[in-house]
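Q: I would like to see how this sequence folds:
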Amino acid sequence: MPDTSHVHPDVLSLRKVLLLKKQELSALLEITQAINQDTTEETLYKIFQFTLLGQLNIRRIVLYVKDEGRWQCTVSFGFQLADFRKIELPDEIIDTCVAGACSISSLKLGAEWQKLDTVIPVTQQDAVLAYVMIGNVQDDYADEEAIKFLETLSNILVGAIENRRLNRQRISAAAMRKEIEIAQEVQNLLFPSKLPNDNQVAVHASYVPHTAIGGDYYDVVSIDQDRFLFCVADVSGKGVPASLLMSNFQAGLRTLLRQNVELATIVHELNHLLFRNSGGEKFITVFFGIYNRATRKLQYVNAGHNDPILLPDSGPIQYLKEGTVMLGIMEKLPMLTVGEADIPPHSLLLSYTDGLTEVFDESGAEYGEEGLIKLIRRNRYLPLGALHKEMLREIEEFSVTKNHFADDITILSCRFK
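A: Numbers count the residues shown, from 1 in each chain. Next comes the predicted model:
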């Protein structure tokens with residue numbers, strides 16, 4: 001050890017200052033190099049910890065960072081120090097230490113906090129993003145200037161991590177937007193571009209998604225000169241997974257129709273397909289109908305869906321209930337009945353998803369099937385497009401949330417001439 005007995009005190013003091021500045025510069029370089037090397041957040045926190053220990057000889061370090069509104073301890077290091085990763089940040093610190101360093105001894109905190117000396121808030125735009133707690137600091141590194149440097153160093157670290165988090169969120173949001181765009185395109189391709197409208201039958205469909213990607217689906221497929229299949233379905237869940245399940249469902253349906261199989265076989269095979277793809281965790285309610293123009297007969301299967309309403313020109317309403325349970329919840333359907341209905345001239349058939357009827361007013365009363373039947377009785381001879389608009393207008397007027405419906409709405413109606 002060099003002999004400093006003959007050195008003037010001012011020179012010694014200057015040497016100490018220069019040494020501290022050199023240590024601070026080294027600490028700053030270590031942190032900035034780590035940031036520039038695109039180091040992971042976890043590694044950055046470790047470098048911060050060992051930089052304070054190795055360069056500045058700070059023996060106890062605790063760092064709390066605000067992440068998505070919650071305070072989390074990301075660094076907890078020091079001799080005889082509690083594991084602060086398991087300790088909530090006290091309100092006393094949050095409420096008191098907002099504009100500058102605070103002495104731990106001035107706060108009414110538990111015994112585990114007494115091993116620390118100082119709390120340093122790290123702020124950006126008047127908002128506290130982090131708290132650095134230090135303890136067992138060498139005497140030469142405990143003045144106000146040192147505290148300001150620690151605050152600056154911590155600000156660089158926390159700012160870099162916050163920027164990475166925001167960048168990650170932007171990338172994730174961009175990826176999600178792209179995923180939604182693709183799913184929307186897939187969903188739009190699922191819907192038929194042309195619906196039957198001839199001298200025997202007219203079909204019209206309306207679809208109002210609740211979110212960017214809905215969970216409803218409808219289809220109309222020509223089988224031969226006389227017959228066409230139509231269906232309305234509602235998949236559990238929303239978003240991209242629901243869209244993908246619907247695309248599998250449609251692909252399976254189209255393949256089975258090309259094989260000219262019976263309706264019962266179509267339903268069994270689609271149930272097996274859905275169960276295999278989702279393992280029973282997702283399901284689809286669906287109404288299938290096959291109409292024969294030559295015989296005026298409708299074969300149908302209602303798989304746990306809202307009962308379509310068949311309104312003849314005269315006589316009582318008929319509800320199409322025959323069928324089975326929802327598809328996809330079990331490997332084999334426990335029962336299946338194929339219903340059949342004769343379709344009188346000038347009948348109206350309305351298929352829909354539950355978003356059309358599960359609408360509530362300010363008192364909590366439901367629009368329901370009763371409201372729907374009253375509406376179609378009043379307006380049954382309107383052109384189908386106008387009828388659908390009237391349905392949507394009336395439930396919007398009825399709903400306490402107006403046009404912010406709680407679920408997707410799909411309407412498919414057939415007018416038999």
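
Q: quick one: the helices in the stretch 251-400 of the chain, in order.
A: With DSSP state H, counting those that start in this stretch, the ranges of helices along the stretch 251-400 of the chain come out as 263-278, 368-379, 384-398.

Q: which one of the ones you listed lies closest to Leu129?
A: For the helices of the stretch 251-400 of the chain, proximity to Leu129 was assessed by C-beta to C-beta; helix 263-278 is nearest, at 42.0 Å. Where C-beta positions appear, they are placed from N, C-alpha and C, glycine not excepted.

Q: tell me which residues in the host helix or strand of Phe50 are buried?
A: According to DSSP states H and E, Phe50 maps onto helix 41-54. Of all the residues in helix 41-54, those buried under the rule 16 or more other C-beta atoms under 10 Å are Leu44, Tyr45, Lys46, Ile47, Phe48, Gln49, Thr51, Leu52.

Q: same question, stretch 87-103
A: Buried residues in stretch 87-103, counted by 16+ other C-beta under 10 Å: Leu89, Pro90, Ile93, Cys97, Ala101, Cys102.

Q: how near is the first one to Ala160?
A: I take that to be Leu89. Distance from Leu89 to Ala160, counting by C-beta to C-beta, to the nearest Å: 21 Å.

Q: picking up where we left off before, what packs against the helix holding Phe50?
A: Contact here means 3 or more C-beta pairs under 8 Å, 6 or more residues apart in numbering; DSSP states H and E; on that basis helix 41-54 packs against helix 9-36, strand 58-67, strand 70-77, helix 144-190.

Q: any idea how far that helix is from the middle of the chain?
A: 34 Å (C-alpha atoms, centre = their mean, to the nearest Å).

Q: tell me the mean pLDDT for it?
A: Averaging pLDDT along helix 41-54 yields 75.

Q: show me the shaky parts of the stretch 101-250 of the chain.
A: Applying pLDDT under 70 to the stretch 101-250 of the chain flags the ranges 137-145, 183, 187, 212-213, 239.

Q: 80 - rerun?
A: Per-residue confidence for the stretch 101-250 of the chain (pLDDT under 80) gives these ranges: 124, 136-165, 173, 175-190, 210-215, 237-244.

Q: assign a three-state SS to Phe228, would you?
A: Secondary structure, DSSP: H, G, I helix; E, B strand; the rest coil: Phe228 is strand.

Q: what bridges to it?
A: The residues listed as beta-bridge partners of Phe228 by DSSP bridges are Ser222, Tyr291.

Q: doesn't Val62 make contact with Gln72?
A: No: the criterion here is C-beta atoms under 8 Å, and Gln72 misses it with Val62 at 11.7 Å.

Q: these two - which one has more neighbours?
A: Ranked by neighbour count (other C-beta atoms under 10 Å), Gln72 and Val62 place Val62 first, with 27 against 14.

Q: would you confirm that that one contacts Ser76?
A: Yes: using C-beta under 8 Å as the test, Val62 is close enough to Ser76 to be in contact (5.3 Å).

Q: shared neighbours, those two?
A: Shared contacts of Val62 and Ser76, defined by C-beta atoms under 8 Å, 6 or more residues apart in numbering, comprise Phe84.

Q: picking that back up, a markdown table for the buried residues of helix 41-54, including distance to Ile156?
A: Output for these, formatted as a markdown table (distance: C-beta to C-beta, whole Å):
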| residue | distance to Ile156 |
| --- | --- |
| Leu44 | 10 |
| Tyr45 | 13 |
| Lys46 | 16 |
| Ile47 | 12 |
| Phe48 | 10 |
| Gln49 | 15 |
| Thr51 | 11 |
| Leu52 | 13 |
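
Q: where do the domain boundaries of the protein fall?
A: Per automatic domain parsing, the domain ranges recorded for the chain read 9-166, 181-416.

Q: just these: most buried one?
A: Stretch with highest mean neighbour count among the domains of the chain: domain 181-416 (a mean of 17; mean count of other C-beta atoms under 10 Å).

Q: from start to finish, how long is that domain in a straight line?
A: End-to-end distance of domain 181-416 (C-alpha to C-alpha, to the nearest Å): 37 Å.

Q: and if you look at stretch 206-221?
A: The straight-line separation of the ends of stretch 206-221 (C-alpha to C-alpha) is 17 Å.

Q: equivalent analysis for stretch 355-374, please.
A: 17 Å.

Q: same question for that stretch, mean pLDDT?
A: Confidence over stretch 355-374 (mean pLDDT, whole number) is 93.

Q: distance to Ala175 for the domains of the chain - can I get that in a markdown table?
A: Listed next are the domains of the chain as a markdown table, based on distance: least, C-beta to C-beta, whole Å:
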| stretch | distance to Ala175 |
| --- | --- |
| domain 9-166 | 15 |
| domain 181-416 | 11 |
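
Q: name whatever forms a beta bridge with the closest residue to Asn271 other than its chain neighbours.
A: Nearest residue to Asn271 in three dimensions, chain neighbours excluded: Leu327, at 4.4 Å (C-beta to C-beta, 6 or more residues apart in numbering). Note on Leu327: beta-bridge partners Ile284, judged by DSSP bridges.

Q: can you pull the contacts of Leu327?
A: Leu327 makes contact with Val267, Leu270, Asn271, Leu274, Phe283, Ile284, Thr285, Val286, Ala303, Gly304, Leu333, according to C-beta under 8 Å, 6+ apart.
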